[in-house]
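Undergrad: just to be clear, the model below is a prediction. Sequence and coordinates:
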Amino acid sequence: MGLVTTRTSTQPDPQSSSARCQEHAFITGVLRAEAAAIGSLVDRAQAWGDSLHRAVDLIVRCADAGGSVLVAGIGKSGIIGRKISATLASLGVPSHDIHPTEAAHGDLGRIRSTDLLITLSNSGETEEVLALAEALRQDGVSVLAITGGQGASTLARISTICLSLGDIGEAGDRSLAPTCSTTAMLAVGDALALAAARRRAFTDDDFARRHPGGTLGGLMRPVTDALRFVAGRNLPVFPERLTVRKALEDAAKLGRRPGAILITDAAGVLIGIFTDGDLRRLILRDAAELDQPISAVMTRAPRTISASATVRDAVHFFRENR
């Protein structure tokens, strides 16, 4: 005869208002814990002192020497390492992640003395990471460690520079999964990557070349590549002596209405713009004004941006000037 066991759930109904309030409080508690972890790094950065600047030095020297920044960690730290590596690469610092175990089985042959190893380990005692760091230090490769604790770990001892995050507790009831510690690691990695890019005078154009796709790539494209209407082709350009009526008649011959007419002086220099909104206001005021020169009712000296500007510049321009 088999033994049948039952387990009575002590959890409240997840659909009850009480359970939802508790869950909301729990989630906001996690967010506060993560925010506090990053906040603690501000004071921690003061304690790092010159080590922080020397860490940026290592990254910049590696990139300037044609080396690659390798980032290694195990488990969740390894995932954070891949993000840090991707950020470095997007900001002009050659980088890729390396798995400590795979490195011990032949991947060490890919590493050169001009490279830099960034190691991530909350305990500072992860065996695979320690083995990789020790092997590369023997080959003359610099090692930058990001660890938890107060900097007394084995990894801190064998590294060229160690940035210890301090004692950071994890979020949640049981503090089991790496949460606050990995968030702090990622924040430090981002800060180092951005500082290195700033030190190397990384520009918007440099960024655009590395991000040709997606929304970011679209924003960094030259604004001239995104124009739907081009002056003289499907955007009418007329001399200032034309009447409003004549300008509208000639513009209608172009087919699709772009919503605006550009007006130039005798030398062909832009001096004004006349929009659909201007036309509506003109007609509501007095339709007879259609027979006056368009220069009398246009918006003079419209704001412009350079043809070399990016789409992002144009978006910012419109938001600022409406």
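TA: Nice, thanks for sending it over.

Undergrad: show me the strands in the stretch 201-322 of the chain, by range?
TA: Remark: strands assigned in the stretch 201-322 of the chain by DSSP state E, counting those that start in this stretch are 237-239, 260-264, 270-275, 299-300.

Undergrad: the last one pairs with which strands?
TA: Partners of strand 299-300 in the sheet, by DSSP bridges, are strand 270-275 (antiparallel).

Undergrad: tilt between the strand it pairs with and strand 260-264?
TA: Put simply, strand 270-275 runs at 160 degrees to strand 260-264, going by axes from the mean of the first three to the mean of the last three C-alpha atoms, to 10 degrees.

Undergrad: picking up where we left off before, which of the strands of the stretch 201-322 of the chain sits most buried?
TA: Ranked by mean neighbour count under mean count of other C-beta atoms under 10 Å, the strands of the stretch 201-322 of the chain are led by strand 260-264, which reaches a mean of 20. C-beta here means a position set from N, CA and C on the backbone, and glycine is covered the same way.

Undergrad: pairing partners for it, with directions?
TA: Strand 260-264 is paired, per DSSP bridges, with strand 237-239 (parallel), strand 270-275 (antiparallel).

Undergrad: who wins for proximity to Ala86 among those?
TA: strand 270-275 (43.4 Å; C-beta to C-beta).

Undergrad: what about the closest one, average pLDDT?
TA: Mean pLDDT, computed over strand 270-275, is 85.

Undergrad: ok so, going back, out of the strands paired with strand 260-264, which comes closest to Glu102?
TA: strand 270-275 (60.5 Å).

Undergrad: now the helices for this protein?
TA: 17-48, 50-64, 76-90, 100-103, 127-138, 154-158, 180-199, 204-210, 214-219, 244-252, 276-285, 311-321 (DSSP state H).

Undergrad: dump these to CSV, plus mean neighbour count and distance to Thr147.
TA: CSV is the format used below for these (neighbours: other C-beta atoms under 10 Å; distance: least, C-beta to C-beta, whole Å):
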stretch, mean neighbour count, distance to Thr147
helix 17-48, 13, 12
helix 50-64, 18, 13
helix 76-90, 20, 10
helix 100-103, 18, 15
helix 127-138, 18, 10
helix 154-158, 19, 6
helix 180-199, 21, 9
helix 204-210, 14, 30
helix 214-219, 13, 32
helix 244-252, 16, 67
helix 276-285, 13, 61
helix 311-321, 13, 37
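
Undergrad: check contacts around Ile158.
TA: Leu130, Ala133, Glu134, Arg137, Val143 (C-beta atoms under 8 Å, 6 or more residues apart in numbering).

Undergrad: which among those residues gets closest to Leu116?
TA: Once C-beta to C-beta is applied, the member of those that ends up nearest Leu116 is Val143, at 7.8 Å.

Undergrad: number of nearby residues for that closest one?
TA: 23 (other C-beta atoms under 10 Å).

Undergrad: next: Ala152.
TA: Neighbours of Ala152 (other C-beta under 10 Å): 11.

Undergrad: ok, it to Gly124 distance?
TA: Distance, Ala152 to Gly124, using C-beta to C-beta, to the nearest Å: 8 Å.

Undergrad: cool, and Arg280?
TA: Counting by C-beta to C-beta - Arg280 and Gly124 are separated by 69 Å.

Undergrad: now do Asn234
TA: Distance from Asn234 to Gly124, by C-beta to C-beta: 64 Å.

Undergrad: again with Leu132
TA: 13 Å.

Undergrad: go on, Leu192?
TA: 18 Å.
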